[in-house]
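S.K.: just a sequence and a predicted model for now, questions to come.
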Amino acid sequence: MKRILLIVLLGLLLIGGAAGGFYWWKQSRITLWSFVPENSIMVFEPNDFAYLWRPDDNRKVLKNLKSLPLLDSVQRTIGILDSVTNFKFSQVIDQGNLLISFHQNTNESLAALYLLEVKELEQHSLLSDLQLFIRDNLDFKLSERTYQGYLITELKNEHSTLTYIFHKNYLIASFSPFMVEDAIRMIADSRVNTYQETELHVAEVTDGSTGAGRCYINTNFLDKLAGIFANPVEINTTPLKWLTHLMYLDLSFEDDKIDLSGFAVNDTSKINYLSAFDGIRGVGFDMKNIVPASTSYVLHASVEDVSLWHKGLKNYWRKHEPSQLTEIGELENRYDFVIKDFYQFMANEIGYFVIESGKSSPADLIFAIEHKSENLAIQFFDSLAQKSNTDTATYRENYADRIIRHIEIDEVPARLFGPMYDGFPSSYYFIDDSYVYFGNSQQVLELLIDDIDNENTWRRSIKTNDFLASTHEDANFSMYIKTSGAINQVRKKLNDYWGGYLEENKTILAQIEYGAVQFTHVDGQYYTSISLQHPGELVKQINPQSFETIQQQGFANNLISKPYAVRNHNDKSLEMMVQDEAFTLHLLDAQLKPTLKIPLKGKLKSKIYQVDYYKNGKLQYLFALANTIHMIDRTGTYIPGYPVKIKSNQSIAELSLIDYDKTRNYRIMAADQKGNYYLYDKTGKLLAGWNPKKTGSGPATQGRHIRVQSKDFMLLAQKNGIFQGLNRNGTSKKGFPIDLKGSLSQDYFVSKGSKPSSTEISALTDLGELVSFSLDGKISDRKQLVRASDSVSFAMVNSGTGKEFIIIKNDGKKLTFFNEALVQQFEIDNTSSSLLFQYYHFSVDNQLIIVIDQTHQKGYIYNQEGRLLHNDPLSTGHLLAVLYQESKGQFDLYCSSGNQLNIVSLKK
């Protein structure tokens, strides 16, 4: 119905053009801009409106966006009207001046007001054709009414109303009647709107809009725009409302980009957020070197003079957010915070990183401040930590040669720089030679440290860094967006209507992979740019594809293990290790060229771990056979003291590598088949309390270590459903052991919190009950999956990152897949009695679920929506090693099959 009404509206544009030609009035001071209501959020002035909707426009980004339902309807409507008018409709639209003004309609929608000036009378045949088309094909009732002396015409049906007026040579029309009335009041009362003065200024300083047209944005109403899409309780819209006075941006489309560029107009008589940067130069985005690859979006400020900037911020807060001054005042008065001392060591950048999270998970947050002096920064914040809580002085967590401390003050980043940087109930922090890092949990800082040490950052991502290179390095204030993670963050804040819309069209919208909004101070103005990057044309129906073989390597004997990915410490390249049926362990380089053969006396009983035994950056390999633990270097030479034979007549069932604080003072835990646990230091010395630690039941999975608030937990899960929580010396923690009341034969999931009571463990019993409990030994929840018969089995599969899991139900005929909230995701047929599962979570919209059919030696790869990604199954009976190449949008799958190790690729 909306499409039919749009046909009527566009037809009326022609009728109005004809009427304006018949009733040509003498020149007056009224312009098209005079009709724009003063509460307009944005006005779009297209250059070539009809051209934008041509179906033969092959620019990829436009082809993608025009597949959205509403935009597809507009394109179809214009095509119909061109067909009815012998393709003259587009000419009329482009001959006249057209403005489209957007306003808040309801809590969930925008209202559009269409304003057209037509300077020439079109042929009568065109008008006649349109009138006949509307009369013969559309069932609308025509009515008229008068408002403040102006004749309003309305076309109505049971669903919608199209309202319009003719005034001189102008047509004013809208699907929302009150919009036309607002336009009448503007001209009847001789009001002047925000845009009229700005439009005159813009005309003086520019040669006219370029590209597809120009957008004029009234930032005083951006909070209302946000309110249409988001739940008001979820966002603080004040910074949007007072961001600046007005923006004018030229819109352009390239094959793979959308750009809006222009200027933010500051009203010098008013104070707004951008005015805090007046006279301050931006100095770059060096922080990209420390932004984790899993970051959804970044808010970044770059200033040459932090003291001057903070002075401008205080002026802004005093005018628009006075409560912020109270917050910073409390910091200064209660905790003896001296802002001048802060300026002594703060450098030029701050960054607020929102880390990708699942639909139901709260966001992990990082706030970074560049400093000029590590010593001064340490003294300052350690003093603040002690003043905030006398117990905080004892909180000191060593992790990977960093010291993590805790400030028991709420919202430290927001108190310093404004409420847009909130989300820190208290602040964990560490300091290195360049930055002060705050995290809203200890865990997020540990993940950050791992990412920095492993160079898993935006700077090291080829695609992300290429996009950043196209943005403005010297911007004062920027928001950088990585869509793969940001979509879920946005979804959490949307209201039900727009949240549903996002879900329905996520495949289309996610094609825009990156975005940036930037403001740069230039000669008293702010150059403004919005850039969206689109990788390529959307394929509406993605068909299964064929595997492409990249490399192959044959062996004299059949392979009996999965490929294990290891890192070459010399050049950081990815290598593989695999074992054959003669028990020889093979090391192969990145091209699968054999570089080392290690004859062993049995089959691998564990995964292959890499360790830095000598703490010199050179890596060794750790693994277990039936009764021995081995550690060798990349030449095949054993580390002194190895192999280590366990003191048991039972075979090793599980081997774990533990590094309490990432200092490479390793502990090695071995569990035999009867549940006897042995804990060694890295030299192979058996430790007290573990000689062995007897549990009385075989291990369900490998033992694990967790550290929370400097407290160590050794977690042992047994097949009889008893869950042990121990100290490092093997004694039980308070609240343990826990009886899950069901047998256990698989791994469990840990969601690490800021303290033991908020750290949750989820374990799935063999009967399909998901039991959740905390590290203080309290069971918080039990959820039972439907089990219609005794033959139904369940599997919990953790992702490679350890941050997500799925559950798979197998009833013998079907496999049903559930997310961590036990919501069913998809279902597939089952044709085997022997299955292996893997789950890889590269990002929210980039996940792999792998099903290995051991009976038929076949592998199947699905995405998170249950779509099979390939035509023919993969030939393998072992688990895979998987690498995702972001720059190519490609998965590299390492699979062992028979006597061959293959690398095959598959597009995302």
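M.R.: Perfect, thanks for sending it.
S.K.: specify the local secondary structure of Asp450.
M.R.: helix (DSSP: H, G, I helix; E, B strand; the rest coil).
S.K.: burial of it, as a residue count?
M.R.: By other C-beta atoms under 10 Å, the residues close to Asp450 number 14. Backbone N, C-alpha and C define where each C-beta goes, glycine included.
S.K.: let me see the contact set for it.
M.R.: Ala400, Asn456, Lys662 (C-beta atoms under 8 Å, 6 or more residues apart in numbering).
S.K.: what separates it from Gln443, distance-wise?
M.R.: Using C-beta to C-beta, to the nearest Å, we find Asp450 at a distance of 11 Å from Gln443.
S.K.: equivalent analysis for Ser143, please.
M.R.: Distance from Ser143 to Gln443, by C-beta to C-beta: 64 Å.
S.K.: and these two? Which one has more around it.
M.R.: The neighbour count for Ser143 versus Gln443, taken as other C-beta under 10 Å, is higher for Gln443 (21 against 11).
S.K.: find the nearest non-adjacent residue to the more buried one, please.
M.R.: Distances taken as C-beta to C-beta, 6 or more residues apart in numbering put Lys752 closest to Gln443, at 4.4 Å, once the chain neighbours are dropped.
S.K.: for Phe417, same thing?
M.R.: Phe417 sits nearest to Ile350 (C-beta to C-beta, 6+ apart), 6.2 Å away.
S.K.: sec struct for the one you found, please.
M.R.: From three-state DSSP, the assignment for Ile350 is strand.
S.K.: for it, give me its contacts.
M.R.: His300, Ala301, Phe367, Ala368, Ile369, Glu370, Phe417.
S.K.: from Phe178, how far off is it?
M.R.: Using C-beta to C-beta, one obtains 43 Å as the distance from Ile350 to Phe178.
S.K.: got it, and Thr628?
M.R.: In this structure, Thr628 and Phe178 are 81 Å apart, going by C-beta to C-beta.
S.K.: which one's more surrounded, those two?
M.R.: Higher neighbour count among Thr628 and Phe178: Thr628, with 18 against 14, using other C-beta under 10 Å.
S.K.: give me the pLDDT for that one.
M.R.: Note for Thr628: predicted pLDDT of 97.
S.K.: so it touches Ser651, yeah?
M.R.: No: applying C-beta atoms under 8 Å as the test, Thr628 and Ser651 come out as separate, 10.4 Å apart.
S.K.: what's the per-residue pLDDT of the nearest residue to Arg318 once chain neighbours are set aside here?
M.R.: Residue nearest to Arg318 in three dimensions, not counting chain neighbours: Leu325, with 6.3 Å by C-beta to C-beta, 6+ apart. According to the prediction, Leu325 has pLDDT 92.
S.K.: part of a helix, is Leu325?
M.R.: Yes: counting by three-state DSSP, Leu325 is part of a helix.
S.K.: tell me where the model's unsure across this structure.
M.R.: 1-29, 80-81, 84-96, 106-107, 119-139, 197-209, 232-237, 358-361, 390-394, 535-542 (pLDDT under 70).
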